[in-house]
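>>> Provided below are the primary sequence and the corresponding predicted coordinates.
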Protein chains: 2
Amino acid sequence: MAATLHDVARVADVSIKTVSNVINDYPHIRPATKQRVLDAIEQLGYTPNLSARSLRSGRTGVIGLALPELSLSYFAELADSVIKAADRRGVTVLIEQTGGDRRREIELLSSPRRQLTDGLLFSPLGMDNADGGLLDVGYPLVLLGERIFDGPTDHVTMENVEAARAATEHLLASGRTRIAVVGAHEGEIIGSAGLRLRGYREALDAAGVPFDPALLAYTTTWHRSNGATAMREFLASGVQFDAVFALNDTLALGAMRVLQEAGYRIPGDVAVIGFDNLDETQYSLPTLTTIDPGRDEIADTAVRVLLERIAGNTGATAPREIHARFRVVERESTSPEAAQPDIRR
Amino acid sequence: MAATLHDVARVADVSIKTVSNVINDYPHIRPATKQRVLDAIEQLGYTPNLSARSLRSGRTGVIGLALPELSLSYFAELADSVIKAADRRGVTVLIEQTGGDRRREIELLSSPRRQLTDGLLFSPLGMDNADGGLLDVGYPLVLLGERIFDGPTDHVTMENVEAARAATEHLLASGRTRIAVVGAHEGEIIGSAGLRLRGYREALDAAGVPFDPALLAYTTTWHRSNGATAMREFLASGVQFDAVFALNDTLALGAMRVLQEAGYRIPGDVAVIGFDNLDETQYSLPTLTTIDPGRDEIADTAVRVLLERIAGNTGATAPREIHARFRVVERESTSPEAAQPDIRR
DNA sequence: ACGGTTCCCTACAACGTTGTAATATGGCGC
DNA sequence: GCGCCATATTACAACGTTGTAGGGAACCGT
């Protein structure tokens, strides 16, 4: 039913290859012929069959984006940025959710579905640095996030250590010295939790503030509920603290909720800083000071780098590691007088 | 480089068609032959070429999901549910963002990209009921949301009027009579805003409470910022109210923020109810009473119905309209003693 | 021993596109 | 009028798969 090159060729009275040439902007075509073909295309409402094209050319015009879950706000906002970046470059995005499960992540790397895409943006959560070798797949792959470093592929990420250090310094600068950490992962060195914790310790060391393991709250995942639970346990434990560094915003929001439920004023009694700069942190009560990790920059760079690999003009260039710039976004949860341009406009 | 049916056939010493038959579970194959083929597949690491398969069969195993933006939390959570539902049925989801723009929505319906998918789940925001005819496309399409009714396609949606009525009744039951509405759309009859407003009016009428147009705040979109701005204008206008019905949760969260900034206690001075039951409404301060629209049910039904249409076994069945069940989720923003199981667990 | 049926397997064509190589046409210099 | 080059167009094969049609072999009943 849908028109094919054959149909167009018949109507325009040329060979199918000429129609193909017109569509692909092949230079040597007489203007009159070209016009006839274009008219025929118009008349029949022809659109190229992408399956056939991709069978023939090996390209689909689709890139994959594998991430844990869209219901985690950070990944929803990241996906939004990636889709927009891809759109600007004329490619479509196919999303795969791994649930952060290592087995599913590994499976996905060699799933036949992979063939529907020209390359993959991959944000692992369950795999770790030791699994880096599994990333040596036969297709263009760009890594996102903090689980794996020194892998065989390009890697776009944020300045975790430096940003976490800046966050901690921000709290220290306001005179807080008992800074609780919410969301640590037991024994993790590499990974968002491990790296951010390292930045925290660097800042403490630089300021000469002693590190107290009792101030670390461990959570398995980083949902709002984990932040709430961790904070409830903190309060029950009786450990004293005057600030909270939540390793991401959703943890911070869950923790703030519990703190206030328990009667603490923020930032009066406890200052809170998060990480990710989610949209909702501009509207929480209080608004949340956080780290803007440069999500748009990450997404745009990742898509660009992936498309370069797909185009193949980077050849066998060594894997690149690219870090986006971050900045501290100061809001009410660390300073009551903080400017709130987003709320007041 | 990747192995093909030919390679497998050569290794197993059978025809390519036999290999194809093994893969597609054709019944009449001798166990010995089958095993030889399976061994060859294993040995070569063969995976079927999906482009070729889809060229030949016309099926891709991918469904499209077109929605306004993943950065709108409702759609992120919906996409999550849709992807999980699709996954359970073995299909992949390709996401298109329309930005809620009518022109892009219409373009998308006939975009060549469409061919990468077997069917489309479409949640329009810019198109309206008058555009219903444009949905008469030549491929399986299932409509989501409230913009278009009586279109030529299956439609999965929520009980907007009834749910909004229940929300309003919930506020009325606690003795509130001056109920402000945040997020109305000027002149809209059909659409989430129009329908929910209708439910609001029905509840008022049934309770004998007069309708006051001064209590309606209009917004163009439904971001947190719109809720904040609308509430700021409300407060500036001096109109008296003792409750707020925000037409979705993000509006409610933005409005709550501004109300509290201005010194109002929730629910003491003003009760607030939202719509969507986003995860974050369990952790806001106060937690937000809202309508659970049955998102998982909507997603699962929509995917099921779409796959039925794709399989073609529903034939030329008349378009179906399917409504998910809703429920009122009572939290602190309307009643200080509300159970908060999510927070306390 | 014979025709019919079932089982197992194969050859071939087709899906719609694009790359390669070849052919037809015209202009130009000599 | 001939050879040469650039331009404009075409025939053909191929990408990897699956549907159709059909051909042997084995088995059945007679």
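Good, I have the coordinates.
>>> isn't A:V8 up against A:P48?
No - using CB atoms under 8 Å, A:V8 is not in contact with A:P48, being 10.2 Å away. C-beta here means a position set from N, CA and C on the backbone, and glycine is covered the same way.
>>> who's more crowded, these two?
Legend: neighbour count by other CB atoms under 10 Å in any protein chain shown for A:V8 and A:P48, higher for A:V8 (26 against 17).
>>> what about whichever strand or helix holds that one, near chain B?
Using DSSP states H and E, A:V8 sits in helix A:5-12. No - judged by CB under 8 Å from any CB of the partner chain, helix A:5-12 makes no contact with chain B; its nearest approach is 13.4 Å.
>>> same deal with stretch A:66-74?
Yes - legend: contact between stretch A:66-74 and chain B by CB under 8 Å from any CB is shown at A:E69, A:L70, A:S71, A:S73.
>>> excluding its backbone neighbours, what's nearest the third one?
Closest residue to A:S71 apart from its sequence neighbours, by CB to CB, 6 or more residues apart in numbering or on different chains: B:D80 at 4.2 Å.
>>> which element is the one you found on?
Using DSSP H and E, the element containing B:D80 is helix B:73-88.
>>> same thing with A:L143?
strand A:141-144.
>>> pLDDT of that strand, averaged?
Mean per-residue pLDDT for strand A:141-144: 95.
>>> which elements pack onto that strand?
strand A:119-122, strand A:154-158, helix A:295-311 (3 or more CB pairs under 8 Å, 6 or more residues apart in numbering or on different chains; DSSP states H and E).
>>> most tightly surrounded among those?
strand A:119-122 (a mean of 26; mean count of other CB atoms under 10 Å in any protein chain shown).
>>> identify all contacting residues around the helix holding B:D80.
Contact with helix B:73-88 is made by A:69-71, A:73, A:76, A:79, A:95-97, A:280, B:63, B:65, B:67-70, B:92-93, B:95, B:121, B:123, B:144, B:248-250, B:276, B:278-280, B:295-296, B:298-300, B:302-304, as judged by CB atoms under 8 Å, 6 or more residues apart in numbering or on different chains.
>>> out of the helices and strands packed on strand A:141-144, which is closest to DNA strand C?
helix A:295-311 (13.5 Å; CB to the nearest atom of the strand).
>>> ok, residues contacting the next helix or strand after the closest one?
Using DSSP H and E, the helix or strand that follows helix A:295-311 towards the C-terminus is strand A:321-324. Contact with strand A:321-324 is made by A:149, A:154-159, A:293-295, A:297-298, A:301, A:305, as judged by CB under 8 Å, 6+ apart.
>>> next secondary structure after strand A:321-324?
In N-to-C order, the element after strand A:321-324 by DSSP H and E is strand A:327-329.
>>> quick one: strands adjacent to that following strand?
strand A:290-292 (antiparallel) (DSSP bridges).
>>> got the buried residues for the partner strand?
A:T290, A:I291, A:D292 (16 or more other CB atoms under 10 Å in any protein chain shown).
>>> for these, give me TSV that also has distance to DNA strand C.
Shown next, in TSV, are the buried residues of strand A:290-292 (distance: CB to the nearest atom of the strand, whole Å):
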residue	distance to DNA strand C
A:T290	47
A:I291	45
A:D292	42
